[in-house]
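> predicted coordinates and the sequence they were generated for:
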Amino acid sequence: ARLWAPEEIPNPAKNPEACGRPGVEKSWLCDPDGILSVTEADTLEGLQQLIFKGLVPYNKMMCHDTLVGVEVAVVVVRRLEIQGSDAAKRTAKALHDRWGVGDAVCNLGVVVVLALDDRQLYISTGRGVRQVLPDRVVQTIARNMRAPLRENKVADALQMCVDSIGRAVSGKHVKDNASFAGEDGGNFGWVFVVGFFGV
């Protein structure tokens with residue numbers, strides 16, 4: 001599989017076709033290795049658009065005196081060029097900055113990077129969503145992704161992730177589906193990291 005460096009991952013907002021989204025004018029999903037089916041990608045992108053538009057069950061967020069949609073960008077690849085346990089983290093932070101995900105004034109953006117063969121996930125949160133999407137909530141979302149990822153249900157894991165982010169930024173509770181998670185003995189080799197992006 002190709003090793004993806006942050007600067008080589010296409011921006012889905014500018015080049016959706018290179019991200020596996022032909023025929024889409026603008027996207028927040030980049031799947032350059034073609035991991036998701038068209039239907040799975042369409043479903044995931046539908047969630048991303050509902051969150052941005054603040055349509056039920058999601059809400060927009062206040063940015064000063066204006067309601068603004070939250071952008072959730074998702075990147076799913078096989079392998080990252082960056083090595084080490086912080087590869088997904090470094091990639092997500094680079095893309096968050098490079099792509100300018102989220103409102104420029106209030107930083108209402110989230111970037112999810114999932115590298116399957118590297119077994120890494122990182123969720124980068126913009127400053128503006130930090131209050132409603134603190135590390136403990138992001139860690140809950142990551143824990144909830146364990147079971148579907150273990151069964152190689154990548155689309156299910158990503159849909160759960162994006163939906164949970166949307167619910168959290170809408171002020172809704174994110175249920176911990178893995179609260180009894182001693183049964184798998186940990187992360188089964190995955191590195192789940194979360195982080196705050198932007199100052």
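Happy to help now that I have it.

> name the element the one residue sitting closest to the centre of the chain belongs to?
The residue lying closest to the centre of the chain (Cα atoms, centre = their mean) is V112, at 2.3 Å. Taking DSSP states H and E as the criterion, V112 maps to strand 109-115.

> packing partners of that strand?
Where contact means 3 or more Cβ pairs under 8 Å, 6 or more residues apart in numbering; DSSP states H and E, strand 109-115 is packed against strand 71-77, strand 79-80, helix 87-99, strand 120-125, helix 154-169. All C-beta spots, glycine's among them, are computed from the backbone N, C-alpha and C.

> TSV for the ones you listed, including mean pLDDT and mean neighbour count?
Shown next, in TSV, are the helices and strands packed on strand 109-115 (pLDDT from 0 to 100; neighbours: other Cβ atoms under 10 Å):
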stretch	mean pLDDT	mean neighbour count
strand 71-77	98	26
strand 79-80	97	19
helix 87-99	96	21
strand 120-125	96	28
helix 154-169	97	22
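
> distance to K14 added to these, as CSV?
CSV is the format used below for those (distance: least, Cβ to Cβ, whole Å):
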stretch, distance to K14
strand 71-77, 12
strand 79-80, 21
helix 87-99, 9
strand 120-125, 19
helix 154-169, 21
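
> could you give the angle of the strand holding V112 to strand 120-125?
Between strand 109-115 and strand 120-125, the angle comes out at 180 degrees (axes from the mean of the first three to the mean of the last three Cα atoms, to 10 degrees).

> state the mean pLDDT of strand 109-115.
In this model, strand 109-115 carries a mean pLDDT of 97.

> and it, how far from the chain's centre?
3 Å (Cα atoms, centre = their mean, to the nearest Å).

> what sits up against it?
70-80, 87-88, 91-92, 95-96, 99-103, 120-126, 128-129, 133, 154, 157-158, 161-162, 165, 169, 197 (Cβ atoms under 8 Å, 6 or more residues apart in numbering).

> specify the beta-bridge partners of the residue nearest to the centre of the chain.
Note on V112: beta-bridge partners by DSSP bridges are V74, I123.

> re earlier: now do the strand holding V112 against helix 154-169, angle only.
160 degrees.

> please save the CA atoms from strand 109-115 in PDB.
What follows is strand 109-115 as a C-alpha-only set of coordinates in PDB (Å, rounded to 0.1, in the frame of the first residue of the first chain):
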ATOM      1  CA  GLY A 109     -13.500  22.000  12.900                       C
ATOM      2  CA  VAL A 110     -12.600  18.400  13.600                       C
ATOM      3  CA  VAL A 111     -10.200  16.200  11.600                       C
ATOM      4  CA  VAL A 112     -10.400  12.400  11.900                       C
ATOM      5  CA  VAL A 113      -7.400  10.400  10.600                       C
ATOM      6  CA  LEU A 114      -7.700   6.600  10.500                       C
ATOM      7  CA  ALA A 115      -4.700   4.600   9.200                       C
END
